[in-house]
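Colleague: what would the 3D arrangement of this be:
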Amino acid sequence: MNLKTLLLLICIVAFASCKTKSHLYKIEGKQIAISDSLSSDIAIENYIKPYRDHVNGNLDSVLAYSVGTYSKNDGELNTAIGNLMADIVYKQANPVFKSRTGRDIDMVLLNHGGIRSIISKGNITSRTAYEIMPFENAIVVAKLPGAQIKELLEYLAAAKRAHPISQLKLTLDKDYNIESATLKNKPIDFTKTYYVATNDYLYNGGDHMDFFKKSDTLYVLDYKIRNALIDYFTETDTINPVIDNRFIKKNN
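Modeller: Purely as a prediction, here's the structure:
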């Protein structure tokens, strides 16, 4: 038998064997609901219980006390909880930024949607911070020229939403046009450059804050907003944030 004949014979056998094999034509699946009717594995439960108890103990340890209940829906252009969060970011992040750069943060801008829970009246725990900020958003500082600061102000005026701010005071007229704006109680010089603390989500264009994309200098502080909240609550006995005049609209 020559080589050509042998190869032809091998191909015929291989083809015949493929024809006799079964093939998978359809995959079916079904949803299995997880409920209390499913019994737990006692051995696994006993194994993880010490870890669960340890985590819950840390999360439920009391850090501070809140004199009231605060929600992100309490105000039109600024809210007590939003003001608190922005002020906490400034207070906790500014010393870190200054130690690394020798400069101060000029203002803070966060997003209204980033506040994911209320602060309830009573004890504040680490769990409170996780409920308010369940995301891993980190504090960053963007260097913005005056032109982008102007875009930032116009964004806030057009959004008509209580995005948390700190160190910025913005007043709109009755038609939501910008009437005045100051940073740390000083007029904004649009020929200067300012340092704006925010979170990494917004810096990357979240909530359509595209003015951050034009920043060519970014400082990463390796400091999560949640951790800043926990540090502040640990240092503070009682919180009593208020709605103020940092972002308002005149009615006449």
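Colleague: in the stretch 51-200 of the chain, which spans are strands?
Modeller: For the stretch 51-200 of the chain, the strands defined by DSSP state E, counting those that start in this stretch occupy 62-66, 107-109, 122-125, 138-145, 165-166, 168-172, 178-183, 186-187, 193-199.
Colleague: could I get those as JSON lines with mean neighbour count and mean pLDDT?
Modeller: Placement of C-beta: from N, CA and C, glycine included. Output for these, formatted as JSON lines (neighbours: other Cβ atoms under 10 Å; pLDDT from 0 to 100):
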{"stretch": "strand 62-66", "mean neighbour count": "17", "mean pLDDT": "97"}
{"stretch": "strand 107-109", "mean neighbour count": "24", "mean pLDDT": "98"}
{"stretch": "strand 122-125", "mean neighbour count": "17", "mean pLDDT": "98"}
{"stretch": "strand 138-145", "mean neighbour count": "22", "mean pLDDT": "98"}
{"stretch": "strand 165-166", "mean neighbour count": "24", "mean pLDDT": "98"}
{"stretch": "strand 168-172", "mean neighbour count": "20", "mean pLDDT": "98"}
{"stretch": "strand 178-183", "mean neighbour count": "15", "mean pLDDT": "98"}
{"stretch": "strand 186-187", "mean neighbour count": "9", "mean pLDDT": "96"}
{"stretch": "strand 193-199", "mean neighbour count": "22", "mean pLDDT": "98"}
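Colleague: will you turn those into JSON lines that also has distance to residue 240?
Modeller: Shown next, in JSON lines, are the strands of the stretch 51-200 of the chain (distance: least, Cβ to Cβ, whole Å):
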{"stretch": "strand 62-66", "distance to residue 240": "8"}
{"stretch": "strand 107-109", "distance to residue 240": "20"}
{"stretch": "strand 122-125", "distance to residue 240": "12"}
{"stretch": "strand 138-145", "distance to residue 240": "24"}
{"stretch": "strand 165-166", "distance to residue 240": "17"}
{"stretch": "strand 168-172", "distance to residue 240": "21"}
{"stretch": "strand 178-183", "distance to residue 240": "25"}
{"stretch": "strand 186-187", "distance to residue 240": "27"}
{"stretch": "strand 193-199", "distance to residue 240": "23"}
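Colleague: count the neighbours of residue 173 for me.
Modeller: By the measure other Cβ atoms under 10 Å, the count of residues near residue 173 is 14.
Colleague: ramachandran angles for it?
Modeller: phi -80, psi -180 (degrees, to the nearest 10).
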